[in-house]
Structures are given as structure tokens and as C-alpha cells.
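>>> next one to model:
(2 chains)
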Amino acid sequence: MENTSENRVDLSKVEIRPLDPDLGRAAFSCGHQRIDNFCKNNAKKQHSQNKVRVYDAIFDGGLIGYYYLVAASNPPEEVSEVANEKFGRVKQAPCVYLGMVGVDEKFKGQSVGKLLMSHAMKTTLQVADLIGLYALTLHAVDAEVAKFYEKLGFEYFIDGDLAMFIPLATIRDSFS
Amino acid sequence: MLTSMKHDEWSLKEDKDRDYATEVEKTFFGAIDNPKPANEELKELNRAYGKYLRK
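Residues are numbered from 1 along each chain as shown, chains lettered A, B, ... in the order given. Reported below is the predicted structural model:
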């Protein structure tokens, strides 16, 4: 998808807000089928059922990115069965899982994803002010994206797997 | 997390019992107990977000 001047994003005019059921989601395309499918087929229902909380990035009235947060101990279903056995007591650790971070292809490379990441971390901190929370976890969509998270300080649960976490204390320090 | 019981049990032991049953436990709880300070990349990301909020 071409990123033309007409798709230039003015970040100061981007709004990040909880999913609006009246906002069209069918045209969203970030290039990752799983993230696109969730956006189109699952996001609205799961948000309304409180199974996840979806946050949308809106620009010029349209959806240009989104992510969701959900309370979870860790993403063991995302790792292999063998790796899953290694999690041990980590499965009892309270965490927030960040899922499906996607930016529409037309608006990539303009820091919308970074804005979503910061918003997700800030929101997680707000949760951590109310209830005990150890870390923010995620599962990178591929190794390249994992490198981006790694640069921010996310750590791998297991070498060779894309499940990652960052301690709450580290996030808090980044906003201080 | 199907029950909080295990967490209660484990929390009581946490301070005096640092035995890690698996490498993942060691990696995760080691990082939680001794968190690294935020690096410059993360600080910069969230500084930019602070500017965005002040728009």
C-alpha cells in the first residue's frame, strides 16, 4: 500500500480512544492477516464483552491503528508446549498482555505505532496504580518487530521465542 | 490464573525463597525483582508521548 502525501499523519491530531462501535473497521489493513482479521471480525464483540479493551488511533475520522490490553499472567498459549512447561510459577504472576498492535499500511513509518505503544504503557501504569502488576507482556508478530521491542527494553521469556515482557518498574521509570 | 491460592502461597514465600524451578522463572522473576532502569530508547519514546499529550 502506498504511503502518499495524502496519507501524511499530523500526530497532534491523532486521537487514541476506546473502541467506538460505530467506527468502520472493514477497511483497516496493516499487512498482518491475524491483526487485520481481529480488527474486522473480533475487536468490536470482544471489546463490548469486556474480554479485551481495544484502543483505536483515529485520524481524520478514520481508523489508522489499534491495539488491545487484557489482564493475563503470561501468553503461554503462544509458546510451544515444551516451552509452556517451563513457565512454572510465572503463570501465577499478574501481568497485562498487549495484543494486536497494528498500524494501517497507508500510515506506517509515521510514529503511529510508537504513539500506540506509549499509550498502552501509560494505560498499564494506570492499572498498576490500582492493582498489583508485575509486567507488561506481548508476543511480537515476527522477529523484526521483536527487535523493535527489544530496543525498548522488552526481554524474551525464552530464547528463540517471540513472547516478551517488560517489568512495570522499568515502564514507570521511563515516564519519570 | 484460575485461582489466587497459588499466588498467595508463592507471595508468602517470595522474599525468603528465591529458588527458581525453571529458566523462565529465573529470567522473569529475576527481572521483576531487580528491574533494569528504562533505557534511552524507551525514555525518548515516552518523552515524545508526553509532548503529544501536551499538544
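>>> for the rest of this, base every contact and every neighbour count on C-alpha atoms.
OK.
>>> could I get the average pLDDT for the longest helix belonging to chain B?
When chain B is parsed with DSSP state H, its longest helix is helix B:40-53. Averaging pLDDT along helix B:40-53 gives 94.
>>> what comes up buried for it?
Counting neighbours by 16 or more other Cα atoms under 10 Å in any protein chain shown, one finds that the buried residues in helix B:40-53 are B:42, B:43, B:45, B:46, B:47, B:48, B:49.
>>> ranges for the helices of chain B?
Counting by DSSP H, the helices of chain B are B:5-14, B:23-33, B:40-53.
>>> of all those, which one is nearest residue A:24?
helix B:40-53 (25.0 Å; Cα to Cα).
>>> neighbouring strands of the lengthiest strand in chain A in the sheet, and parallel or not?
The longest strand of chain A (DSSP state E) is strand A:62-72. Sheet pairing here is set by DSSP bridges, and for strand A:62-72 it gives strand A:53-59 (antiparallel), strand A:95-103 (antiparallel).
>>> what is the orientation angle of the helix or strand following the last one with strand A:95-103?
For strand A:95-103, the succeeding helix or strand toward the C-terminus, using DSSP states H and E, is helix A:112-128. Interaxial angle, helix A:112-128 versus strand A:95-103 (axes from the mean of the first three to the mean of the last three Cα atoms, to 10 degrees): 160 degrees.
>>> outside of helix A:112-128, which residues touch it?
With contact meaning Cα atoms under 8 Å, 6 or more residues apart in numbering or on different chains, helix A:112-128 is reached by A:11, A:16, A:57, A:65-67, A:69, A:96, A:98, A:101-103, A:133, A:136, A:168, A:171-172, B:45-46, B:49.
>>> pull out the buried residues from the residues you listed.
Using 16+ other Cα under 10 Å, the buried ones in the contacts of helix A:112-128 are A:16, A:57, A:65-67, A:69, A:96, A:98, A:101-103, A:133, A:136, A:168, A:171-172, B:45-46, B:49.
>>> pull up the residues of chain A that are close to chain B.
A:11-12, A:72-73, A:86-93, A:114-115, A:118-119, A:134-135, A:151-153, A:157-158, A:167-171, A:173-175 (Cα under 8 Å from any Cα of the partner chain).
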